[in-house]
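A.B. asks: This is a predicted model, with the sequence first.
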Amino acid sequence: MSVLSAPYMHDEAAAFAHVEAMLWADGPVCPHCGVVDRAYRLEGVRTKPSKKNPEGKERHGLWKCRECRKQFTVRKGTIFEESHLPLHLWLQAIHLMVSSKKGISSHQLHRVLGITYKSAWFLTHRIRECMRSGEFAPMGGNGGAVEVDETFIGNDRTKKPHGEKKGRGYAHKHKMLTLVDRTTGCAKSIIVDDLKKSTLIPILRENIAAEAVIYTDEAGQYQKLADDFAGHDFTRHGAGEYVRREAPEVHTNTVEGFYSIFKRGMKGVYQHCGKQHLHRYAAEFDFRYNNREANGVDDVERGKVALVGAAGKRLTYHQPNQ
Ligand SMILES: [Zn+2]
């Protein structure tokens, strides 16, 4: 059966049951007083009658806390709270975002789901926030290999290209650093202000275990990394070396593979992206990469992982950025 025909994609009561099962493994959690599994369902409650709905609309997923006597739904305190869109549309949007390898734009979501562009823009940014994972354990524990590379994206409008001809140079581009743990197959991308050694090395120390072996290209800022980690080796791209012939483990092909998906996605789907949102796009691509088929996560499972990230991540900004 296609996941698109699952009841929770169409039926509001089923959507609530699905999200409740995901977020409340130990029973309903009262967002007002924090008590777990001390609430009961309020069945058959309807909204006030309106012209459009003379009998009012059914209020799905309504609970009442036995401790503080307050009412709540599973939307409270999650990314779903501030939007009035039905929950099953949220689940459709999450599915589309987690299952499209290169992502899906707010414009396309607006057309596919039949919601306004503004709503679609809210949805995509909030779903991206679900994908932002919490703290990772440092990469490369137990002496594992970690690949490190950096890439340039778009133009940083906060920086003027000093004396550069149009389309040349990197000073005015956004810069992203990515680490890939070869053992877990997981990536972590970080937007950085510059590629100076003094910027990059503290990030590597913070995110990579000291017993790891690091693979990079020959860029100068990575020299002397062997002082901080168990080992460091690099390929000489400038000399045409992409894999060391006598030591085939010396390469950065995994992280470059990650960048090829990221770049195709950012170019084709997300044409303009301000720096203030870039970390969310990076998180989105990290999320899909880390929860990919090769890591044993299918589309349905990926949607569930994103959903669990929905708890406790409300965004407060309100203006679409264009
Ligand atoms: Zn309560």
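C.D. replies: Cool, got the structure.

A.B. asks: Buried ones in stretch 37-55, by neighbour count?
C.D. replies: Buried residues in stretch 37-55, defined by neighbour count with 16 or more other C-beta atoms under 10 Å: residue 39. For every residue, glycine as well, the C-beta is placed using N, CA and C.

A.B. asks: just the CA coordinates of that stretch, formatted as CSV?
C.D. replies: The C-alpha trace of stretch 37-55 is given here as CSV (Å, rounded to 0.1, in the frame of the first residue of the first chain):
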residue,chain,number,x,y,z
ASP,A,37,-0.8,9.8,31.2
ARG,A,38,-3.3,11.5,33.5
ALA,A,39,-5.6,12.9,30.9
TYR,A,40,-8.8,11.7,29.3
ARG,A,41,-10.3,12.3,25.9
LEU,A,42,-13.0,14.8,25.3
GLU,A,43,-15.2,13.2,22.7
GLY,A,44,-17.7,15.0,20.5
VAL,A,45,-16.7,18.6,21.3
ARG,A,46,-17.5,21.0,18.4
THR,A,47,-16.4,24.5,17.6
LYS,A,48,-18.8,27.4,17.8
PRO,A,49,-21.3,27.4,14.9
SER,A,50,-20.4,29.7,12.0
LYS,A,51,-22.0,30.5,8.7
LYS,A,52,-19.8,28.0,7.0
ASN,A,53,-20.3,25.3,9.6
PRO,A,54,-23.8,25.9,11.2
GLU,A,55,-23.2,22.9,13.5
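
A.B. asks: contact partners of it?
C.D. replies: Under the criterion C-beta atoms under 8 Å, 6 or more residues apart in numbering, residues 26-30, 56-59, 62-67, 71-72 lie in contact with stretch 37-55.

A.B. asks: Give the residue spans of the stretch 151-300 of the chain that score low on pLDDT.
C.D. replies: 156-169, 271 (pLDDT under 70).

A.B. asks: could you redo the last one with a cut-off of 90?
C.D. replies: By pLDDT under 90, the weakly predicted segments of the stretch 151-300 of the chain are 153-174, 218-227, 236-247, 264-280, 300.

A.B. asks: got the buried residues for whichever strand or helix holds residue 108?
C.D. replies: Assigned by DSSP states H and E, residue 108 belongs to helix 106-113. Using 16+ other C-beta under 10 Å as the burial criterion, the residues of helix 106-113 that qualify are 106, 109, 110, 113.

A.B. asks: repeat for stretch 199-215
C.D. replies: For stretch 199-215, burial by neighbour count (16+ other C-beta under 10 Å) applies to 200, 201, 204, 207, 208, 209, 212, 213, 214, 215.

A.B. asks: Which residues of the chain lie near the ion?
C.D. replies: 30, 32, 33, 65, 67, 68 (C-beta under 5 Å from the ion).

A.B. asks: ok, now how distant is the residue lying farthest from the centre of the chain from the ion?
C.D. replies: Largest separation from the mean C-alpha position in the chain: residue 54, at 41.0 Å (C-alpha atoms, centre = their mean). Plainly put, residue 54 is 33 Å away from the ion if you go by C-beta to the ion, to the nearest Å.

A.B. asks: Can you classify that residue by secondary structure?
C.D. replies: coil (DSSP: H, G, I helix; E, B strand; the rest coil).

A.B. asks: From what I see, residue 106 and residue 124 are in contact.
C.D. replies: Yes: taking contacts as C-beta atoms under 8 Å, residue 106 lies within contact range of residue 124: 4.9 Å.

A.B. asks: shared neighbours of the two, anything?
C.D. replies: Shared contacts of residue 106 and residue 124, counting by C-beta under 8 Å, 6+ apart, come down to nothing at all.

A.B. asks: quick check, nearest of the residues of the chain next to the ion to residue 274?
C.D. replies: Ranked by distance to residue 274 (C-beta to C-beta), these are led by residue 32 at 35.9 Å.

A.B. asks: Number of residues surrounding that closest one?
C.D. replies: 14 (other C-beta atoms under 10 Å).

A.B. asks: That one: helix or strand, and which one exactly?
C.D. replies: With DSSP H and E as criterion, residue 32 is part of no helix or strand.

A.B. asks: Next: residue 119.
C.D. replies: For residue 119, the host element (DSSP H and E) is helix 117-131.

A.B. asks: list the buried ones in the very next helix or strand once past that helix?
C.D. replies: Once the chain leaves helix 117-131, the next helix or strand it forms, by DSSP H and E, is strand 145-153. By neighbour count with 16+ other C-beta under 10 Å, strand 145-153 contains the buried residues 145, 146, 147, 148, 149, 150, 151, 152, 153.

A.B. asks: Which secondary structure elements does strand 145-153 sit against?
C.D. replies: Counting by 3 or more C-beta pairs under 8 Å, 6 or more residues apart in numbering; DSSP states H and E, the packing neighbours recorded for strand 145-153 are strand 174-181, strand 213-217, helix 253-268.

A.B. asks: Quick one: closest of these to residue 233.
C.D. replies: When the helices and strands packed on strand 145-153 are compared by C-beta to C-beta, strand 213-217 sits nearest residue 233, at 6.0 Å.
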